[in-house]
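> Next come a sequence and a model predicted from it.
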Amino acid sequence: MERPNQENDDVLASLSTVPQPTYLHSYTHQLPPVDHNAAPKIFDRYFDSSSDDEFYPSAHGGGGSGGGGGGVETAGRKLDYMIQFLDRKLTATTTNAVNDDKHRYLPEFTGRGGGTGIFRVPVRAAVHPGRPPSLELRPRPLRETQIGCFLRNILCTESQLWAGSECGVRFWNFADVYSPGCGTERSGDEETAPFYESAETSPTMCLVADAGSSLVWSGHKDGKIRSWKMDQSLDGSPFKEGLSWQAHRGPVLSIVMTSYGDLWSGSEGGVIKVWPWEAIEKSLSLTMEERHIAALLVERSYIDLRSQVTLNGFSNLLTSDVKYLLSDNCRAKVWSAGNLSFALWDSRTRELLKVFNIDGQIENRVDMSLVQDFSNDDEVKMKFVSASKKEKAQSSFNFFQRSRNAIMGAADAVRRVAAMGAFGDDNRRTEALVMTIDGMIWTGCTNGFLLQWDGNGNRLQEFQYHSFAVQCFCMFGSRIWVGYVSGIVQVLDLEGHLLGGWVAHSSPIIKMAVGAGYIFTLASHGGIRGWNITSPSPLDGILRSELVGKEFLYTRLENLKILTGTWNVGQGRASHDSLMSWLGSAASDIGIVVVGLQEVEMGAGFLAMSAAKETVGLEGSSVGQWWLDMIGKTLDEGLSFERVGSRQLAGLLIAVWVRSNLRAHVGDVDAAAVPCGFGHAIGNKGAVGLRMRVYNRIMCFVNCHFAAHLDAVSRRNADFDHVYRTMTFSRPSNLLNAAAGMVPYLFLSCLLACSMYLIRLVYSSGLPLVLSVAVGASSAVQMLRSTNAMGAHSEEGMPQLSEADMVVFLGDFNYRLDGISYDEARDFVSQRCFDWLREKDQLRAEMEAGNVFQGMHEAVIRFPPTYKFEKHQAGLAGYDSGEKKRIPAWCDRILYRDSRPALVSECSLDCPVVSSVSQYEACMGVIDSDHKPVRCIFNVDIARVDESVRRQEFGEIIGSNEKIKCVLEELCKLPETIVSTNNIILQNQDTSILRITNKCRKTNALYEIICEGQSTTKENGLASDHCPRGSFGFPRWLEVTPACGVVTPDDITEVSVHHEEFHTLEEFVDGVPQNWWCEDTRDKEVILVVKVRGSCTTETKNHRIRVSHCFPAKTIRADSKPNPREIQGNILHRSDIQKISSSHDVVNHLRNLHSP
């Protein structure tokens, strides 16, 4: 006990010199304990300074959605968290400290079997132990706040991250990525790093950067292409688009800039249009007043590639939606892709080079269509017709025999068509493309396969490291990042070897982009995380350790009360007074109200109708709606509370209301239903559930009605196990890896085949016909859904309920009292001897044996049994006195499981949800049903991360930690490289060889060549200003191959710089060539830049090379001596240039050269 006191003395001593803060927020949340040894060091960092500037970390950047005082506000919050942490530590180490709150909580009984298998508590931590630490640029927003504005694309420029949304675009400056949150200007972005948003537009479908023009181009659902300046003039209002035009009739599905600066766009039906750079450049040069002319000029300049292609019937092949466009800048080609096919184009001449399918087979016949082949449709239809005629002639068959024959034929046809279509090729659809630095093309498929192709469209090899669909790629250096629909990220090297992988998000990763030393991943829920480009690497462990040590600086505790109520209403309706007695009287200081009802409506006809509605995705009833309205009135819905979700399955109904001031922190509400009656098909027994996020923690509430009768204990246990394992919410955390393109008739045929066959089996067993139909239809749907159930689980096959931070089960579990007579039970109840009665409780016995509700808690019952009563008869005398005299029992129960691995755990980021029961009682005065309603009030502590503070701490660790600096310095070294020349002169169709040498003996050198600009040489030999083409593309007269690649250690790569004769150029208007114009014959000059970097750094070493093109009449000899004053501004000086006489001399000299 002495050591903690000594440590606290040290901390208090460090606080004695703390200056009086000038700004401080007041929070009442307690903070969790952290490592004692690390605390004094962290405290000293904030309290040793006497300067306000040093005390309050400054915010990066400014403007946008962030507040100007964000740094001061965040520092105040950190100070408050530290003080609360100290208060908690000092109180915890005081020997006589008494927590009065504990006396208000009820004792609990805990079932055995928890903590293992599917019943173990999910792993939570300040920094997830199973993945590298990430930068939370945009914390996951609640789905309800993103309606109509979900992010769908991201793109990085040199200094910004751009995102396309359903209502426009936005961008973050990399200088602001560690800054505090935006505040409350937009719901869902309160803790997002400061960003800037555009005026509202049609949904953004795709983005591409044009560094040469400092523009970002976006393609939209309304068919328009819009441009946005990277260097926006920001005045606090949404920024506006620049040049825009109507590009397609349908949505712009893909967009890319080629190595020659042209803009290519793809749309539905195989349409690909080229927007020549010359037209774009002319339009961009016009003034704002001439914007309408500029748009018209570009809009009419397009080249429709599909209309230009006629050779070998290719024009008939290009009918698939152009979902992806990829520019192969290494070889000056463009890839276009649909679901199952590719086309390869020459980006300079715009000629179609090749069409091939997913297997690499060349397609050059009209009958080899890129769209799905349904040639067997007629065959299937003929079989149906012929079978129908034969069956009419055979009257000896009864109804079920005829149905069976038709159904089996339909099932066989479905199986064959599905094998060819939805479950075959459709599972191999292309979902992503990327080109790596070595010139290879990688594609990802829905079955998880990664395919490697060479630049000519030849399929080389395939890999599969995950069975879920590939969603996106990102390439940086010598690594390939792969994002999957399961939320997993994997990192591969250029040879396809797996380097690492982890769960990056809880939902599909839809886009990735690289910038500022991070790989940014965008999840379908809208969250954006940044992963260090070196991950996985030793840097991860250092960063994780530092962040964990500062956990208390960004931990925030919330507290709320949850009222849960369960009632078997016995097909009746309640009075307003009954509802007030049950719920209204206890809801005064409640944040969340959860209500579960059983037997809202029953009867064979209703159950059959409910099952039929479930098969087509419908649920609910007028009676259920009546209950929702009545409870809403009781809770003052609309003023005090808001209903956020509900779900009904036959007679089961669950609904959740949230207090208005808590609504902003509750969302992502999902629903689920699991029938357990009649072979897991009918909802007379079963469960309905709601899942939601509360302060970014997952809570699940499940309303159950299990099998009845005294001796059905094993059936009740089985019902719970079935519900726990198979409950799948409507928006699962891991999406299905199913055949997404299956056409409706396949589903209906399967449903018909399954349901009709099951109807026959069930009806023959003696069940009424109406229920037989319901069982058949519902069972068929459940069979089809069961094949998808694993897709809704985590990768390890864990049920969704296992992934929740808190789970509450409530309902009519139907467990009875064993070994006691009716009279004995009545006597004990009247004497309130509940301790003895609890020993007879079946549920308690089964939980103690670990057979059901494993690891879950229930407050000790101190109220009379709630079943069975005579309706409208008050008092304990109302227990069933009829002929059956059912033994009183605690059928109606409420149990829960939170994040605690043990009952003594405190709330922290490692144990984020800690709950206690402050009230557990039955409303014995309510007489509207044969059951009494039960309510339970939970007092819940929730630990969550203050993402604004954590992001600042993340940035400060990256910028100040010496270990991290050393690791980054070692990983990000630039290899030493040299180039053979800085001056090349070409005449017509000349070729010059540029040699790049990697002097480093250990690491690869990665290079990329761009054209910084082109100019025209004047008569006096001076060059005009060098103007870049789009995306720093090459002029059409120049070919540079390969324009990117890898130079291995101590090796040389040769690059061909070739002049291509290109004196004329077609001009198109509305896709039709109108005239040819001659290119001027003046001498040209371009500046090529060879950008060299290592495998793990964004920094580059640039080598500039002047390439001059001289026409024969103006040829300048390489050894001539021009007037220095005339070309002084054009020569790029290098100290290591030497005259080379032969290729052997080149190699020898290059090996001995040293970079300046």
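Happy to help now that I have it.

> and the residue nearest to the spatial centre of the chain, what does it touch?
Nearest to the geometric centre of the chain sits A523, at 2.1 Å (CA atoms, centre = their mean). Contacts for A523 (CB atoms under 8 Å, 6 or more residues apart in numbering) come out as 140, 487, 504-510, 529. C-betas here are computed from N, CA, C, even on glycine.

> now do L499
Here L499 is in contact with 479, 491-493, 536 (criterion: CB under 8 Å, 6+ apart).

> and if you look at V967?
534, 537-539, 542.

> how about JSON lines for the residues you listed, with neighbour count added?
Formatted as JSON lines, the contacts of V967 follow (neighbours: other CB atoms under 10 Å):
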{"residue": "T534", "neighbour count": "20"}
{"residue": "S537", "neighbour count": "18"}
{"residue": "P538", "neighbour count": "13"}
{"residue": "L539", "neighbour count": "24"}
{"residue": "I542", "neighbour count": "17"}
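
> what's near enough to touch the closest residue in space to A516 that isn't next to it in sequence?
Leaving aside its sequence neighbours, A516 sits nearest to F174 (CB to CB, 6 or more residues apart in numbering; 4.1 Å). Contact analysis of F174 by CB under 8 Å, 6+ apart lists 159-161, 515-516.

> I'd like the residues you listed as CSV, with secondary structure and neighbour count appended.
Formatted as CSV, the contacts of F174 follow (DSSP: H, G, I helix; E, B strand; the rest coil; neighbours: other CB atoms under 10 Å):
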residue, secondary structure, neighbour count
S159, coil, 14
Q160, strand, 22
L161, strand, 28
G515, strand, 23
A516, coil, 19
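
> Now distance to C1027 too, for those residues, in CSV please.
Formatted as CSV, the contacts of F174 follow (distance: CB to CB, whole Å):
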residue, distance to C1027
S159, 22
Q160, 23
L161, 28
G515, 26
A516, 28
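
> can you count the residues close to G605?
Neighbour count for G605, taken as other CB atoms under 10 Å: 12.

> Sorry, slip of the keys, the one I care about is F195.
By other CB under 10 Å, the residues close to F195 number 22.

> still on that earlier bit, how far away is the residue nearest to A516 from V949?
Going from F174 to V949 by CB to CB, to the nearest Å gives 20 Å.

> Neighbours of D880, how many?
16.

> I'd assumed G959 was in a helix, is it?
Yes: under DSSP: H, G, I helix; E, B strand; the rest coil, G959 sits within a helix.

> Quick check: the gap between it and E546.
Distance from G959 to E546, by CB to CB: 12 Å.

> Which of the contacts of L499 scores worst on pLDDT?
Minimum pLDDT for those is recorded at P536 (93).

> ok so that one is a helix residue?
No: counting by three-state DSSP, P536 is not found in a helix; it is coil.

> Would you mind measuring from the residue nearest to it when sequence neighbours are not counted to V491?
Leaving aside its chain neighbours, P536 sits nearest to G500 (3.8 Å; criterion: CB to CB, 6+ apart). The gap separating G500 from V491 is 5 Å, by CB to CB.

> Tell me which of G959 and E546 has more neighbours.
Between G959 and E546, counting by other CB under 10 Å, E546 is the more crowded of the two (21 against 10).

> Pull the helix or strand hosting the more buried one out as PDB, backbone CA atoms only.
Taking DSSP states H and E as the definition, E546 sits inside helix 538-549. What follows is helix 538-549 as a C-alpha-only set of coordinates in PDB (Å, rounded to 0.1, in the frame of the first residue of the first chain):
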ATOM      1  CA  PRO A 538       8.300  -1.600 -35.700                       C
ATOM      2  CA  LEU A 539       6.800   1.800 -35.600                       C
ATOM      3  CA  ASP A 540       3.400   0.400 -34.700                       C
ATOM      4  CA  GLY A 541       4.500  -1.000 -31.400                       C
ATOM      5  CA  ILE A 542       6.200   2.300 -30.300                       C
ATOM      6  CA  LEU A 543       3.200   4.300 -31.300                       C
ATOM      7  CA  ARG A 544       0.800   1.900 -29.500                       C
ATOM      8  CA  SER A 545       2.800   2.100 -26.300                       C
ATOM      9  CA  GLU A 546       2.900   5.900 -26.300                       C
ATOM     10  CA  LEU A 547      -0.900   6.200 -27.000                       C
ATOM     11  CA  VAL A 548      -1.700   3.700 -24.200                       C
ATOM     12  CA  GLY A 549       0.400   5.700 -21.800                       C
END
